[in-house]
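Engineer: pasting the sequence and the predicted coordinates here, then a few questions.
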Amino acid sequence: MKRLTVFLSLLVLGSGLCLSAEEAVQEVRVSAKKYEYNPNEIRVRAGARVRLVLTAEDRTHGFELESLKIKEKILKGKETVVEFVAPEPGTYEFKCSVFCGFGHRGMKGKLIVEPAQP
């Protein structure tokens, strides 16, 4: 009986840890449309698990965060999910990686990574 109690206690504790880890994911929804991202500035903490849910409103766009080796196509009307662990504190540029017209070169944003909380 004692072994069963210990096993169930560990099972409950383990489940709690899994839920906590899942809760630690910072999800940010980002829309892409004619030459802009919204939001175009994303703030996260160093070491945080980040999930970006990307949508294109008007046509196919791209999302490239070169410093993290992330490059994804965002199809109109479909969600594209990108997950990563935030790097060391700093500012990292992301940009559209699929030519989308005259203002394509200006379609950029910033990932701002702030120091982790103690």
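Structural biologist: Good, I have the coordinates. Numbers count the residues shown, from 1 in each chain.
Engineer: point out where this structure drops to low pLDDT.
Structural biologist: 1-23 (pLDDT under 70).
Engineer: quick one: the helices in it?
Structural biologist: 2-23 (DSSP state H).
Engineer: quick one: the strands in it?
Structural biologist: 25-33, 36-38, 41-45, 49-56, 61-65, 70-74, 79-85, 90-95, 108-114 (DSSP state E).
Engineer: out of those, the one nearest F102 is which?
Structural biologist: With respect to F102, and counting by C-beta to C-beta, the nearest of the strands of the chain is strand 36-38 at 13.1 Å. (Each C-beta comes from the backbone N, C-alpha and C, glycine too.)
Engineer: and the closest one, what's buried?
Structural biologist: Across strand 36-38, burial judged by 16 or more other C-beta atoms under 10 Å covers E36, Y37.
Engineer: same check, this time on stretch 35-45
Structural biologist: By 16+ other C-beta under 10 Å, the buried positions in stretch 35-45 come out as Y35, E36, Y37, I42, V44.
Engineer: could I get the strands of the chain as TSV with distance to F102?
Structural biologist: Output for those, formatted as TSV (distance: least, C-beta to C-beta, whole Å):
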stretch	distance to F102
strand 25-33	14
strand 36-38	13
strand 41-45	23
strand 49-56	17
strand 61-65	14
strand 70-74	19
strand 79-85	24
strand 90-95	15
strand 108-114	15
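Engineer: out of these, which is the most enclosed?
Structural biologist: Most buried of these, by mean neighbour count (mean count of other C-beta atoms under 10 Å): strand 61-65, with a mean of 23.
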